[in-house]
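J.: Structure, please.
(2 chains)
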Protein chains: 2
Amino acid sequence: MSIEKFFNPKSVAIVGASTQKTKVGYEILLNMIEAGFPGKIFPVNHKAESIEGLKCYPDLPSIGEVPDLVVIVVPAPVVPSIILQAGKLGVKAVIIITAGFKEVGKEGLALEQQISQTASQYGIRVIGPNCLGIIAPSRKINASFGGDLPAEGGIGYLSQSGALLAAILDMANATGIGFSKLISIGNKIDINELDLISALGEDPETKVIAGYLESITDGNAFVRRAEQISATKPILLIKSGGTSVGAKAASSHTGSLAGGETAYEAGFERAGIIRCGSIEQQFQYAEAFAMQPLPAGNRVAVITNAGGPGIMAADAIEREGLGFAQLSQATKDKLAGFLPAASNIQNPVDILGDALADRYEFALDTVLDDPGVDIALVVLTPQAMTECLPTAEAVARVVKRKPKKTVLACFLGAEKIAEALTVLRAGGIPQYRSPESAVDVIKAMSEHVRWRTKPKRVVRLFPVNRHKVEIIIERHIRQGLREVGEAEAKDVLEAYGFVTPKGSLATSPEQAANIANQIGYPVVMKIWSRDIIHKSDVGGVKLGMRNAQEVMDAFDLMMYRVPKKAPDAQILGVLVQQMCKGVREVILGMNRDPRFGPLMMFGMGGTMVEVMKDVSFYLAPLTADEAKQMLISTRTYKMLQGVRGEEGVDIEAIAEGLQRLSQLVTEYPQIQELDINPYVVGPRGTVPIAVDARMSVEKE
Amino acid sequence: MSIEKFFNPKSVAIVGASTQKTKVGYEILLNMIEAGFPGKIFPVNHKAESIEGLKCYPDLPSIGEVPDLVVIVVPAPVVPSIILQAGKLGVKAVIIITAGFKEVGKEGLALEQQISQTASQYGIRVIGPNCLGIIAPSRKINASFGGDLPAEGGIGYLSQSGALLAAILDMANATGIGFSKLISIGNKIDINELDLISALGEDPETKVIAGYLESITDGNAFVRRAEQISATKPILLIKSGGTSVGAKAASSHTGSLAGGETAYEAGFERAGIIRCGSIEQQFQYAEAFAMQPLPAGNRVAVITNAGGPGIMAADAIEREGLGFAQLSQATKDKLAGFLPAASNIQNPVDILGDALADRYEFALDTVLDDPGVDIALVVLTPQAMTECLPTAEAVARVVKRKPKKTVLACFLGAEKIAEALTVLRAGGIPQYRSPESAVDVIKAMSEHVRWRTKPKRVVRLFPVNRHKVEIIIERHIRQGLREVGEAEAKDVLEAYGFVTPKGSLATSPEQAANIANQIGYPVVMKIWSRDIIHKSDVGGVKLGMRNAQEVMDAFDLMMYRVPKKAPDAQILGVLVQQMCKGVREVILGMNRDPRFGPLMMFGMGGTMVEVMKDVSFYLAPLTADEAKQMLISTRTYKMLQGVRGEEGVDIEAIAEGLQRLSQLVTEYPQIQELDINPYVVGPRGTVPIAVDARMSVEKE
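T.: Numbering: from 1, shown residues only, chains lettered A, B, ... in the order given. The predicted structure is shown next:
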């Protein structure tokens, strides 16, 4: 969509402009005037002649021209009529500031629906209602009641909380942080977060997109769009309200491990969105991304005039898993040639407490010349001789000379460094209040670089037998069955290239022994019932049965015991199965998220899945690289590689399993949950076996 | 020790007081004068008549009286002679500001030793050298070159980095944070962190002890003293340099999992020390602990004038595992009676964007009256109608009326809330820049409350056979053997009440079969060699041998295979052992830390210990409660309780094992490392078995 009308209007009408200084309708008008908006402003108020020297109009039609943008501040019940008026007039962009809609109940919701209908009928795009408005410093637009117009800058901000935006504006005005656009999205009856990241993504003024969201309307579309934008513009989001989401009851391991937040996290990871834990952190990140180039790698050099903060930075670098730059001999020689003998010419480079600005300038220049340094962090403590302001100027000079490397500052203190901070900001050098905060920012930057340099996503498609799957799924949906029994779930898996253990259903001890004789010993026995989900909980699993007698005994025992623990379950028999001797048991799973679609899970398998919680998630469809990354990001991975002289397992085969499963659940949106557990894997070259499977389906 | 002379001197001499304004010797004198020190100040400088209107003395003796405190700022080589002079004169307290001692090399170290000797000969206590000095606002003492005298307050700060202290002072002076004492400890040739936490612990002005440390001289003594102090005064420490410590090579699982930082963490946990991740976090904590009472519990209520920040607070409360206060019906009724209908009277209490100060005052008053609320967090965003300053005043009034409950504020913004923040600080209400920071502080407070309310530490002593242990340890030390073989390690464990599997050493296949026949099948076989630490790595372990033939085959196979993988190992035979069928394998371990003593470990056992890293640590000696907590803090614990219909294991028996091991390593400081792995545990009432053990000893 185009939001050009919103951010580049030639004329703005404010319907509900007020003469009373305590009213929002007055404040918005005043903010537009004080912002220095170069276009025309039309206050609409049928009671006033003029406000703040501007002629008032009784209604929109009497203006005599069609305003590019209309801001509405009249009471909620009146809004629909204004929209209709605007529509008839040919207005295409409206901001509804007014509150009192769906957030207050049914009547408000009805008003919203009425507005939506009229707006879409006349092709009007709407921001709000129940919002703070919009701000665009470079266009001198402050169509909001959030506060003064902030400085121009590269941060585009969208917020689902108007009050938060007001607080952000106040903070920004105190520190001089600049913005390209600020948008309060309110109840988002029309324009939502997806439209706005798209618009900000295309906006040449916006270098970084940041936002506060409580919900995302269309998770899937948002992820796909954000993924494209992140390739050139970082997106920094606060997503709150996580803890109350995802209360949907789940019967699979995957479902119960994947809370609502997991899908958001997987979606954000896929899209390269940088998730922020607080407004503080978000602005720390935003400033660095907006001001500095992305680093080429993650090797950090620290320059400091004090040992303590240097160690703190080094500790944080190691803790965050960043690279600690190894300075070349040439760099060290050059440093040694100029710095006093007591200096430390290793990283962190300690230029001593009496360092003046020249020493900082020389050290930073020299360190940035080293090809082994991607990022420099300049730490300063205001000691007796420290030249805070000239040092900031020196750092700014170096940054101007060497714009390709990433430089961050951590000037500690307050009053003594106040002027220096202004110089740093003007020089495009982000400044942090502690070494740890600065390193946290570096970590976020280097993680984003890692995301951007990932191989291109290519999803492999395996030849499969779709016909077999369709029959099973359709029958279940037709009969209203949610849970697909183990045998049929395995048929589905086989159709997608999985191997399952040999075995058949027995309905008598003798038949069980016959099946076992054919398979060969040892065998596994499992109760077969659609009503029993966790078989081992009810004594419905026996492993390692070594002969016909044991098999028959086990059969009768189950028939005696299981009904006691699960009296309502209809028991169809006992599955007699080949016992798979793999080296390790893992779990492959999927849980379909209502917003983001199929969420894949990998982890340590067996009955301990939910206890150990050693699992990883990613959104389907998976590439080979993503499947592999899912493995790598668990602790189990080390075990799979082989420990203590044990042989490792076939990692590639597991990754392929994940991709096949990903293909299955992508092609069949009816599949709601799917666990393959255990997925028994052996040494390289052996075929993993899907020993047990649980699957549920629902009409799309 | 008494530091009274340092902080309550009637007279201070400054040796090296300078007339040159750029010199430290001038700055310290000026700082003392400007602080308004009410006692006598004697500048000592043999070249000047007077400095800043104060008469100068050529040397200490010519002052004509004994100054209570002497501050030394002369060059390093001159310092020893001044110390001697001071000693002869009867001076008892000296601060050496001068740098150029052990931090610059051997010569400096020699000077330090000379000073130490003279000082101890004359009974002089020394702070420094290489330090910034000391500050005590209430006594008008600023014997430092760190900056202006800060406000009086309850925070006592000690720092191993002078530069950091200077930065902290600058920050404190900008925000008005108050201190009782600030001490730069420098090279700590005499007075160290232990002396100072003791002194601050006894200091009635100090409500909170905070500090920055790079090393702790005597970890054990520090922990013991800190533990006493923490019972009444919180200790907040930044400990840096963690990442380079602990490079000692370890051969046990416990040793390799316990890095240098683990011991610090275990020591801090024992002592109730609150570890801070950055200066920012430390001051956030310090202000809350200094200004507000500790909460009675962890149930938090949030009052806000905006939904977004309220949700952010609620998210953080849930994420940190704090209690979300459930307001009583009476509270909700009362809130509903006064607040507008659209307000949310559930926690978080949303009093809406148009809330004035009176609504905040009423809501906070009401919420604090609820017995189900321990802590209230007041969130404010500066919206159009918000009365920032009157709201701060209202909050301060409520806090004054209800001083027993914990109240924190999170006023978002900057300029609009600046005046309000001054009022909050004056009212003793700590203020945070984001809901997440405030909740992080609440978490720290409630964790400290948990620590304080732990049961009294009582270490159980088990009757043991010390004689047997002494013989084994002494023989190894006499013979210079570090590793104790498995058999003797088990003898030691048996002497402390552990049960080990039945078994004996076999030197031939036939003997192995005989032993196995006596024990009963199945048996386990393990290669026996002092030189082989990880037996399974070299094919030296066979499990589940079911008959004499299998035993004889396994014996010969080991004799053939093991020497190929470990050609230098002297093989003494094969241990034939009862196969223990427990339900779970855990590890009990100990690694002796050079600073903190025996560090106990518990975790999931077997060969996966180092892969899964599901372990917990605590310092010995362990109480029953601490042993239990070690179990609880692992993921393994849930597994031990029994999952999916499986029976749980005897938790108490494991905890007892940890206590017995703790007693053993406490009574024998020669034991350096000890792993019991696997420690096979069964259902309640069964005796756990120490299946394998590794132990090393060293002369004390």
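
J.: contacts and neighbour counts: CA atoms only from here.
T.: Noted.

J.: buried stuff in the lowest-mean-pLDDT helix or strand in chain A?
T.: One helix or strand of chain A scores below all others by mean pLDDT, DSSP states H and E: helix A:253-257, with a mean of 73. Taking 16 or more other CA atoms under 10 Å in any protein chain shown as the neighbour-count basis, helix A:253-257 is seen to contain the buried residues A:253-255, A:257.

J.: What is that helix packed up against?
T.: Here helix A:253-257 touches strand A:584-593, helix A:609-612, strand A:671-681, going by 3 or more CA pairs under 8 Å, 6 or more residues apart in numbering or on different chains; DSSP states H and E.

J.: now do 10 Å
T.: strand A:584-593, strand A:597-604, helix A:609-612, strand A:615-619, strand A:671-681 (3 or more CA pairs under 10 Å, 6 or more residues apart in numbering or on different chains; DSSP states H and E).

J.: Just checking the distance from the first one to the centre of its chain.
T.: Relative to its parent chain, strand A:584-593 has a centroid offset of 21 Å by CA atoms, centre = their mean, to the nearest Å.

J.: Equivalent analysis for the last one, please.
T.: Offset of strand A:671-681 from its chain centre (CA atoms, centre = their mean): 26 Å.

J.: in its sheet, what does that strand sit against?
T.: Strand A:671-681 has its sheet partners listed here by DSSP bridges as strand A:584-593 (antiparallel), strand A:689-690 (antiparallel), strand A:693-697 (antiparallel).

J.: Residue numbers of the stretch 51-200 of chain A in contact with chain B?
T.: A:100, A:103-105, A:132, A:145-147, A:159-175 (CA under 10 Å from any CA of the partner chain).

J.: scratch that, the stretch 401-550 of chain A is what I was asking about
T.: Residues of the stretch 401-550 of chain A lying near chain B (CA under 10 Å from any CA): A:411-417, A:433-437, A:534-539.

J.: so where do the helices sit in the stretch 151-300 of chain A?
T.: A:162-175, A:193-202, A:219-230, A:253-257, A:260-271, A:279-291 (DSSP state H, counting those that start in this stretch).

J.: What residues sit buried inside the first one?
T.: I take that to be helix A:162-175. Neighbour-count burial for helix A:162-175 [16+ other CA under 10 Å]: A:162-173, A:175.

J.: Equivalent analysis for stretch A:201-214, please.
T.: A:201, A:205-214.

J.: before we move on, back to that, can you say which of the strands paired with strand A:671-681 is nearest to B:G520?
T.: strand A:584-593 (29.9 Å; CA to CA).

J.: Could you check the angle that closest one makes with helix A:260-271?
T.: 90 degrees (axes from the mean of the first three to the mean of the last three CA atoms, to 10 degrees).

J.: Is A:I95 in contact with A:A119, as I believe?
T.: No. Between A:I95 and A:A119 there is no contact under CA atoms under 10 Å: 11.6 Å.

J.: So which residue is dead centre in chain A?
T.: A:F268 (2.2 Å; CA atoms, centre = their mean).

J.: show me what contacts it?
T.: A:219, A:222-223, A:226-227, A:235-237, A:262, A:274-275, A:618-619 (CA atoms under 10 Å, 6 or more residues apart in numbering or on different chains).

J.: can we see that at 8 Å?
T.: Each residue near A:F268 by CA atoms under 8 Å, 6 or more residues apart in numbering or on different chains is listed here: A:223, A:274-275.

J.: ok, so of those, who is nearest A:E152?
T.: Relative to A:E152, the closest of the contacts of A:F268 is A:I274; by CA to CA it sits at 22.9 Å.

J.: do stretch A:29-41 and chain B meet?
T.: No. Contact of stretch A:29-41 with chain B (CA under 8 Å from any CA of the partner chain) is absent, the minimum separation being 12.3 Å.

J.: can I get the CA coordinates of that stretch in PDB?
T.: Provided in PDB are the C-alpha atoms of stretch A:29-41 (Å, rounded to 0.1, in the frame of the first residue of the first chain):
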ATOM      1  CA  LEU A  29      -3.800  21.600  15.700                       C
ATOM      2  CA  LEU A  30      -1.100  23.400  17.700                       C
ATOM      3  CA  ASN A  31       1.400  20.600  17.200                       C
ATOM      4  CA  MET A  32       0.800  20.800  13.400                       C
ATOM      5  CA  ILE A  33       1.400  24.600  13.500                       C
ATOM      6  CA  GLU A  34       4.400  24.400  15.800                       C
ATOM      7  CA  ALA A  35       6.000  21.700  13.700                       C
ATOM      8  CA  GLY A  36       6.100  24.200  10.900                       C
ATOM      9  CA  PHE A  37       4.000  22.200   8.400                       C
ATOM     10  CA  PRO A  38       4.500  23.900   5.100                       C
ATOM     11  CA  GLY A  39       1.200  22.900   3.500                       C
ATOM     12  CA  LYS A  40      -2.300  24.100   4.300                       C
ATOM     13  CA  ILE A  41      -4.100  23.300   7.600                       C
END
